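J.: need a 3D model of the following:
(2 chains)
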Protein chains: 2
Amino acid sequence: MSLVQSTPYAELEVGQTARYSKRIDDREIQLFAELSGDRNPIHLDDDYAASTAFKGRIAHGMISGALISAAVACTIPGPGTVYLGQTMSFTQVVRPGDELTVELEILEKLPKSRVRIATRVFNQNREQVVDGVAEVLAPKRKREVELSALPAIRIG
Amino acid sequence: MSLVQSTPYAELEVGQTARYSKRIDDREIQLFAELSGDRNPIHLDDDYAASTAFKGRIAHGMISGALISAAVACTIPGPGTVYLGQTMSFTQVVRPGDELTVELEILEKLPKSRVRIATRVFNQNREQVVDGVAEVLAPKRKREVELSALPAIRIG
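T.: From the prediction side, this is the model:
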């Protein structure tokens, strides 16, 4: 069981931060390939990837988008947040085995519960891999939600 | 085996279009929840979701981002494309069972192989669920790539 709590619009403060980390391994790359249908060998085939300018496999860039979305939904503002928009600049490749950390920072509170949030993603060497901004509708009331259990997912 | 071919920068034309479709079922929602860690019950728990303003489960918005990324990587410009950035506005919720179609349109060719691409996502009722723009580095040469095989992924 895993409880997460939202921070409602009224309690959010400009400058407030939160972090969300996840390691990107072959498993995450395979899940993303299955979900999206993007089975390009640059992400999945060592021999092919070694022959490219990247000199080895790289993760799909949009995996960072998935982590940003989870960070917003599970930290601040958390459950009940409505996603309105996201910008992303991919500034560095992500390799299998990289530990990514999404750093959120409340940038601006707009009328009607809208909030702009900086969404910066770093690898384990503190190199920034994504820069961007989320725009969301923050929840009006505080709520505590139990994350759902997932069925086991087995690969191979 | 599945072959995909890239369209190099020199051959891309403003106004050129491509489409990429995928149905979003419980499986895709579970894969995204596992990948991202976002197990909010609004996506996974019918009873909880029925009690919210959405009156039922919705897909994670960023699943559309995954499809956009796959569309760019597998249609135009295709294999060898380097993802530089993406903007997204989420304009309508996606429900389990929705058939999403990403429609790409080459908007602008910039210097140094940069290309701006409209990335619009529609559901089966032709309601637009995402509006946005991708910026990419298109491949310099045409290449044909065989998509990699994935190990079987079993859920539950």
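
J.: with just CA atoms, put the strand or helix carrying residue A:72 into CSV.
T.: Taking DSSP states H and E as the definition, residue A:72 sits inside helix A:62-74. C-alpha atoms of helix A:62-74 as CSV (Å, rounded to 0.1, in the frame of the first residue of the first chain):
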residue,chain,number,x,y,z
MET,A,62,9.9,10.4,-24.1
ILE,A,63,10.5,8.0,-21.2
SER,A,64,11.5,11.2,-19.4
GLY,A,65,8.1,12.6,-20.3
ALA,A,66,6.5,9.6,-18.5
LEU,A,67,8.5,10.3,-15.4
ILE,A,68,7.6,14.0,-15.4
SER,A,69,4.0,13.1,-15.7
ALA,A,70,4.3,10.7,-12.8
ALA,A,71,6.2,13.3,-10.7
VAL,A,72,3.4,15.8,-11.1
ALA,A,73,0.7,13.2,-10.4
CYS,A,74,2.4,11.7,-7.4
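
J.: what about that helix and chain B, touching?
T.: Yes: contact between helix A:62-74 and chain B, assessed by CB under 8 Å from any CB of the partner chain, occurs at A:62, A:63, A:65, A:66, A:67, A:68, A:69, A:70, A:73, A:74. For the C-beta atoms, the positions are set from N, CA and C on the backbone; glycine is no exception.

J.: what's the angle from the helix or strand following that helix to strand B:82-90?
T.: The helix or strand immediately downstream of helix A:62-74 is strand A:82-90, counting by DSSP H and E. Between strand A:82-90 and strand B:82-90, the angle comes out at 170 degrees (axes from the mean of the first three to the mean of the last three CA atoms, to 10 degrees).

J.: what's the angle between strand A:82-90 and helix A:62-74?
T.: 150 degrees.

J.: let me see the mean pLDDT of strand A:82-90.
T.: Averaging pLDDT along strand A:82-90 yields 98.

J.: what's that strand packed up against?
T.: Counting contacts by 3 or more CB pairs under 8 Å, 6 or more residues apart in numbering or on different chains; DSSP states H and E, strand A:82-90 packs against helix A:62-74, strand A:114-122, strand A:128-137, strand B:82-90.

J.: any idea which of the ones you listed gets closest to residue B:50?
T.: Minimum separation from residue B:50 across the helices and strands packed on strand A:82-90 (CB to CB) falls at helix A:62-74, 18.9 Å.

J.: and the closest one with strand A:114-122, angle?
T.: 130 degrees.

J.: the longest strand in chain A is where?
T.: strand A:98-109 (DSSP state E).

J.: nearest residue to the residue nearest the centre of chain A other than its sequence neighbours?
T.: Of all residues in chain A, the one closest to the mean position by CA atoms, centre = their mean is residue A:67, 1.6 Å from it. Once flanking residues are discounted, residue A:67 sits nearest to residue A:102: 5.1 Å by CB to CB, 6 or more residues apart in numbering or on different chains.

J.: how much space between that neighbour and residue B:154?
T.: Separation of residue A:102 from residue B:154 (CB to CB, to the nearest Å): 29 Å.

J.: those two: which is more packed in?
T.: Taking neighbours as other CB atoms under 10 Å in any protein chain shown, residue A:102 and residue B:154 compare with residue A:102 leading, 23 against 11.

J.: surely the more buried one is in contact with residue A:21?
T.: Yes: counting by CB atoms under 8 Å, residue A:102 touches residue A:21, with 7.5 Å between them.

J.: what ranges in chain A fall below the confidence cut-off?
T.: Chain A contains residues with pLDDT under 70 at A:1.

J.: check it for me, the residue farthest from its geometric middle.
T.: Chain A, farthest from centre, CA atoms, centre = their mean: residue A:51 at 29.2 Å.

J.: could you pull up the residues touching that one?
T.: Not one residue lies near residue A:51 by CB atoms under 8 Å, 6 or more residues apart in numbering or on different chains.

J.: repeat that with 10 Å
T.: A:41, A:42, A:45 (CB atoms under 10 Å, 6 or more residues apart in numbering or on different chains).

J.: which ones, among those residues, also lie beside chain B?
T.: Among the contacts of residue A:51, proximity to chain B is found for A:41, A:42, A:45 (CB under 10 Å from any CB of the partner chain).

J.: mind checking how far the residue lying closest to the last one once chain neighbours are set aside is from residue A:28?
T.: Of all residues beyond its chain neighbours, the one nearest residue A:45 is residue B:148 (5.0 Å), with distances taken as CB to CB, 6+ apart. When CB to CB is applied, the distance between residue B:148 and residue A:28 equals 15 Å.

J.: give me the more crowded residue out of the two.
T.: A count of neighbours by other CB under 10 Å puts residue A:28 above the other of residue B:148 and residue A:28, at 23 against 17.

J.: and the more buried one, helix, strand or coil?
T.: Assigned with DSSP: H, G, I helix; E, B strand; the rest coil, residue A:28 falls in the helix class.

J.: do the same with the one 5 residues further on
T.: Reducing the assignment to helix, strand or coil with three-state DSSP, the entry for residue A:33 is helix.
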